[in-house]
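A.B. asks: sequence first, then the predicted structure:
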Amino acid sequence: MASPDLRPVRIDALLLAGGRVFDPRLRLDETADLLIGRGKIQKIGKNLSRGFRGKRIDCAGWILVPGFVDMHVHLREPGREDEETIETGAYAAAAGGFTEIVCMPNTQPVIDDRSRVEFIRERSQGLPVSVHPVAAVTKGLKGEELTEMGDCAEAGAVGFSDDGRPVEKAAMLRRAFEYAGMFNRPILSHCEDTSLSEGGAMHEGYASTLLGLKGIPSISESVAVARDLMIAEFTAGQLHVAHVSTAASVRLIREAKTRGVRVTAETCPHYLVLTDDAVRGYDPNVKMNPPLRSEADREALWEGLKDGTLDAVATDHAPHSSEEKDSEFDAAPFGILGLETAVGLMFTHGVHRKRMTLRELVLKMAVNPRKILSLRDARIREGGEANLTLLQPDLAWTVDREAFRSKSRNTPFHGWALKGRSMGIVHNGQLVLNP
Amino acid sequence: MQLKSRHLLGLEGMTRDEILLILDTAASLKSILDRPIPKVPTLRGKTVVNLFYEPSTRTRFSFELAEKRLSADSISFSASGSSVAKGETLKDTARNIEAMKVDTVVIRHSAAGAPYFLSNCLASSVVNAGDGTHEHPTQALLDMMTIREKLGRLEGLKVAILGDILHSRVARSNIHGLTTAGAAVGVCGPATLMPLEVERLGVRVYRRIEEALEEAEVFIILRIQLERQKKGLFPSLREYRAMFGMTRERVDRLKREITILHPGPINRGVEMDSEVADSRHSVILDQVTNGVAVRMAVLYLLSGGRGKFEGEEHGQS
């Protein structure tokens, strides 16, 4: 069942009229009409309305960019369909402005063999948003035996990850890099030394001292990043560091890139706009792993985005039921929603505050994720597939979790006033417009 | 004057006037405890629930006694005998209790912030009786009352808190309360048991116990838990005693009057020698007595009581 007010429309003939068409890879930035037919961009030009008979959307004031990709999403199907299904996750993505999402394998059961990769692929057929599965590095995320990576890759797994937990043993991670390399797939690494983070609920710093919550020190991440970088370098493996949250991790990745290590990295909107100070008040909706860090870490992440150390912005969308989240802080599970707030947060706190340009936003949210995962190109050119996010950069709106398409409500951004959002997407031959 | 909040969740953020109001009220209520019939009808008709999710003897007894002395109807509920074992959430438990028309909930919980959570889902007053390693406000208030009783003031006093600061809710509440009241607070303990950026709470850090002994006049000794050793936070009780113990030798060497407090229960011979605990410097048993008075004051003030309790209501039952 689709979200009631988000009806995808199959489009045979669509005219996106008068928007700013923007594709940094093509140095394209002009006000133009975009004629779309049979899922493809037929024509880009002026005054295409004449004689056009089909659906016409007035895009004046909008920016049409290559469709955004969220390369780090947790859908809860199979196993916890009460929190999110592949379908509700896809509609949350559509509402948030993503045309493609990449889902992590820590479901129940774990996505760790061909049949489960195929399950995700089949369940996402026909949706307006593409869902790309990541398969586990080790069977059952146990860190003991490699999954059948070749088979999984052939079935459509775009990368491998034990996300939610690290691959504890260095020797196992080494083998994973070597083996995944045969199929040109990256390892998406959840960097955490659990001996340092064990039992922690929030960033270790002044706020944890004040609140009496057990801390997760920033070194629990950076120590693991350092290890993973060394192993990636040694094996010439392709490493993607997930959800970077600390200044030290940024520094290590920056230094490794200058040395030529094959590493890319992402951070998430919440690490860019919130700090551990937000935990005062014990709201479990600010509890995630890695945790919200210090102001200095937050600054370093913006710098990392600016200088290219951090390649992508992903959300780590992690739905949890209200029953589980509405509890004492220690007892609540880690994770917050991200799909439906990311674009608004990045516009408001990034582009509008001049911490990043529109070009950088499109690189971090559309271009680079596709490169990292070798997804099909999405350039805006005649004859190419229509894969577009329709942005309204100046629209002021207020986050209302009750209006989310996600099945869950665990966001710390409820009630936030934001400027800039996605008006809709075009992908897979379908148009989804936000009401 | 009244308290600003209808809850007592912690001493962080409380004003000096509010803290002094509680201490003054407790001092006037204390006289009731010495009467032949130590009971007043102040909270007659009010219902208090003591919700203890963590084992506790003295704090629970102290609250129960305070409630009885004020004629409140009270019931106590400890984790083992409750629906917690059946997996009921804190929120559901709270709502059920509220449906029974309870005025005040006293809660002890192992999770920091649990009283805060309750206060957001209940119309009743919530009193924090210790939450994880966050705060234990009534303990700090009774410590402050005891110090003030003995030394006549809090302002300008030098107070040292010794031991496992990292895991101590007593330390946190005392730091907030004492600094707000104008005392100069220092903390001392193994570096592995010292929280990050503790100085930002407004305290100084004594690296060695000798520094603390030289400077401070009041010492709050914290209980050291053996399980911290098992987690690798310090090597042995033997070394702990040698480095940080309030030993008889250390106290004898001082040759001056000091005031020693301990929230109990004491590990005699570890954080403090028996001779010290029972010496003239120790006010440990006064703390226990004052605990009842402070909790009476808190319950009285949260139920809408104003200003000093004048002890005028003599209609004992």
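C.D. replies: Everything's here; your move. Residues are numbered from 1 along each chain as shown, chains lettered A, B, ... in the order given.
A.B. asks: which intervals of the stretch 101-250 of chain A have sub-threshold pLDDT?
C.D. replies: Counting by pLDDT under 70, the stretch 101-250 of chain A shows no low-confidence range.
A.B. asks: so which bits of it are right by chain B?
C.D. replies: A:204-206, A:208-215 (Cβ under 8 Å from any Cβ of the partner chain). C-beta coordinates here come from the backbone N, C-alpha and C atoms, glycine included.
A.B. asks: if the nearest residue to A:Thr348 once chain neighbours are set aside is in a bridge, with which residues?
C.D. replies: Counting by Cβ to Cβ, 6 or more residues apart in numbering or on different chains, the nearest residue to A:Thr348 once its immediate chain neighbours are dropped is A:Leu418, at 4.6 Å. Beta-bridge pairing for A:Leu418 (DSSP bridges): A:Trp397.
A.B. asks: helix, strand, or coil at the residue of the stretch 251-400 of chain A found nearest chain B?
C.D. replies: When scored by Cβ to the nearest Cβ, the stretch 251-400 of chain A has A:Tyr282 as its residue closest to chain B, at 3.4 Å. Under DSSP: H, G, I helix; E, B strand; the rest coil, A:Tyr282 falls in the coil class.
A.B. asks: tell me, how many residues neighbour it?
C.D. replies: 25 (other Cβ atoms under 10 Å in any protein chain shown).
A.B. asks: how about A:Ile120?
C.D. replies: 24.
A.B. asks: and B:Lys4, that's in a helix?
C.D. replies: No - checked against three-state DSSP, B:Lys4 lies outside a helix; its state is coil.
A.B. asks: ok, and the closest non-adjacent residue to it?
C.D. replies: B:Glu18 (6.7 Å).
A.B. asks: quick one: average pLDDT of the longest helix anywhere in chain B?
C.D. replies: Ranked by residue count and defined by DSSP state H, the top helix of chain B is helix B:284-302. Mean per-residue pLDDT for helix B:284-302: 97.
A.B. asks: and that helix, what does it pack against?
C.D. replies: helix B:16-30, helix B:58-69, strand B:125-131, helix B:137-151, strand B:259-261 (3 or more Cβ pairs under 8 Å, 6 or more residues apart in numbering or on different chains; DSSP states H and E).
A.B. asks: find me the pLDDT at the residue nearest to B:Lys4, would you?
C.D. replies: Taking B:Glu18 on its own, its pLDDT is 97.
A.B. asks: share the number of residues neighbouring A:Asp394, please.
C.D. replies: Neighbours of A:Asp394 (other Cβ under 10 Å): 12.
A.B. asks: go ahead and confirm A:Gly429 touches A:Gly39.
C.D. replies: Yes - proximity of A:Gly429 to A:Gly39 meets the contact threshold set by Cβ atoms under 8 Å, at 3.6 Å.
A.B. asks: for B:Val288, which non-adjacent residue is spatially closest?
C.D. replies: B:Val288 sits nearest to B:Arg58 (Cβ to Cβ, 6+ apart), 6.9 Å away.
A.B. asks: number of residues surrounding residue 50?
C.D. replies: As the question left the chain open, I've gone with chain A. Neighbours around A:Arg50, by other Cβ under 10 Å: 6.
A.B. asks: that's the other chain; I wanted chain B
C.D. replies: Counted with other Cβ under 10 Å, B:Asn50 comes out at 23.
A.B. asks: cool, B:Asp73 as well?
C.D. replies: Neighbours of B:Asp73 (other Cβ under 10 Å): 15.
A.B. asks: quick one: the strands in the stretch 51-200 of chain B?
C.D. replies: For the stretch 51-200 of chain B, applying DSSP state E, counting those that start in this stretch gives strands covering B:73-78, B:104-109, B:125-131, B:158-162, B:184-188.
A.B. asks: quick one: list the elements packing against the second one.
C.D. replies: Applying 3+ Cβ pairs under 8 Å, 6+ apart, one finds that strand B:104-109 contacts strand B:47-52, helix B:58-69, helix B:90-99, helix B:114-121, strand B:125-131.
A.B. asks: do the same with the third one
C.D. replies: Where contact means 3+ Cβ pairs under 8 Å, 6+ apart, strand B:125-131 is packed against helix B:58-69, strand B:104-109, helix B:114-121, helix B:137-151, helix B:284-302.
A.B. asks: can I get the ones you listed in TSV including mean neighbour count?
C.D. replies: Below are the helices and strands packed on strand B:125-131 laid out as TSV (neighbours: other Cβ atoms under 10 Å in any protein chain shown):
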stretch	mean neighbour count
helix B:58-69	21
strand B:104-109	25
helix B:114-121	23
helix B:137-151	24
helix B:284-302	24
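A.B. asks: tabulate the ones you listed (TSV), appending distance to A:Phe234.
C.D. replies: Shown next, in TSV, are the helices and strands packed on strand B:125-131 (distance: least, Cβ to Cβ, whole Å):
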stretch	distance to A:Phe234
helix B:58-69	56
strand B:104-109	48
helix B:114-121	47
helix B:137-151	54
helix B:284-302	60
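A.B. asks: element containing B:Glu210, please.
C.D. replies: helix B:209-215 (DSSP states H and E).
A.B. asks: what's in contact with that helix?
C.D. replies: For helix B:209-215, contacts defined as Cβ atoms under 8 Å, 6 or more residues apart in numbering or on different chains pick out B:158, B:160, B:162, B:186, B:188, B:206, B:219, B:243-246, B:250, B:254.
A.B. asks: near the spatially closest residue to A:Gln108 that is not a sequence neighbour, how many other residues are there?
C.D. replies: Counting by Cβ to Cβ, 6+ apart, A:Gln108 lies nearest to A:Gly79, which is 3.0 Å off, once chain neighbours are set aside. By other Cβ under 10 Å, 13 other residues sit near A:Gly79.
A.B. asks: can you give me phi and psi for A:Gly79?
C.D. replies: The phi/psi pair for A:Gly79 (degrees, to the nearest 10) reads phi 120, psi -50.
A.B. asks: which residues does it contact?
C.D. replies: Counted by Cβ under 8 Å, 6+ apart, A:Gly79 has contacts A:107-109.
A.B. asks: how about B:Val251?
C.D. replies: With Cβ under 8 Å, 6+ apart, B:Val251 has these contacts: B:258, B:273, B:276, B:279, B:281.
A.B. asks: from the residues you listed, list just the buried residues.
C.D. replies: B:258, B:273, B:276, B:281 (16 or more other Cβ atoms under 10 Å in any protein chain shown).
A.B. asks: and the last one, how far from B:Tyr240?
C.D. replies: Summarising the geometry, the distance separating B:His281 from B:Tyr240, computed by Cβ to Cβ, to the nearest Å, is 21 Å.
A.B. asks: A:Pro133 too?
C.D. replies: A:Pro133 is 52 Å from B:Tyr240, by Cβ to Cβ.
A.B. asks: quick one: common contacting residues for A:Gly429 and A:Gly39?
C.D. replies: A:11, A:386.
A.B. asks: what about stretch A:80-91, how long is it end to end?
C.D. replies: 17 Å (Cα to Cα, to the nearest Å).
A.B. asks: report the buried residues of that stretch.
C.D. replies: For stretch A:80-91, by 16+ other Cβ under 10 Å, it's A:80, A:83-91.
A.B. asks: please enumerate the helices of chain A.
C.D. replies: Under DSSP H, chain A gives helices at A:86-96, A:114-123, A:149-155, A:170-181, A:194-197, A:206-211, A:219-235, A:247-259, A:269-273, A:295-306, A:322-325, A:342-346, A:358-362, A:368-372.
A.B. asks: quick one, which of the ones you listed is packed in tightest?
C.D. replies: helix A:86-96 (a mean of 28; mean count of other Cβ atoms under 10 Å in any protein chain shown).
A.B. asks: phi first, then psi, for the residue of chain A positioned farthest from its centre.
C.D. replies: The centre of chain A is farthest from one residue, A:Gly51, which by Cα atoms, centre = their mean lies 40.0 Å away. As for A:Gly51, its main-chain torsions (degrees, to the nearest 10) stand at phi 80, psi 0.
A.B. asks: check whether stretch B:258-271 comes near chain A.
C.D. replies: No - Stretch B:258-271 lies out of reach of chain A by Cβ under 8 Å from any Cβ, never closer than 15.4 Å.
A.B. asks: residue contacts, the residue nearest to A:Thr348?
C.D. replies: Taking Cβ under 8 Å, 6+ apart, one finds A:341, A:344-345, A:347-348, A:396-399 in contact with A:Leu418.
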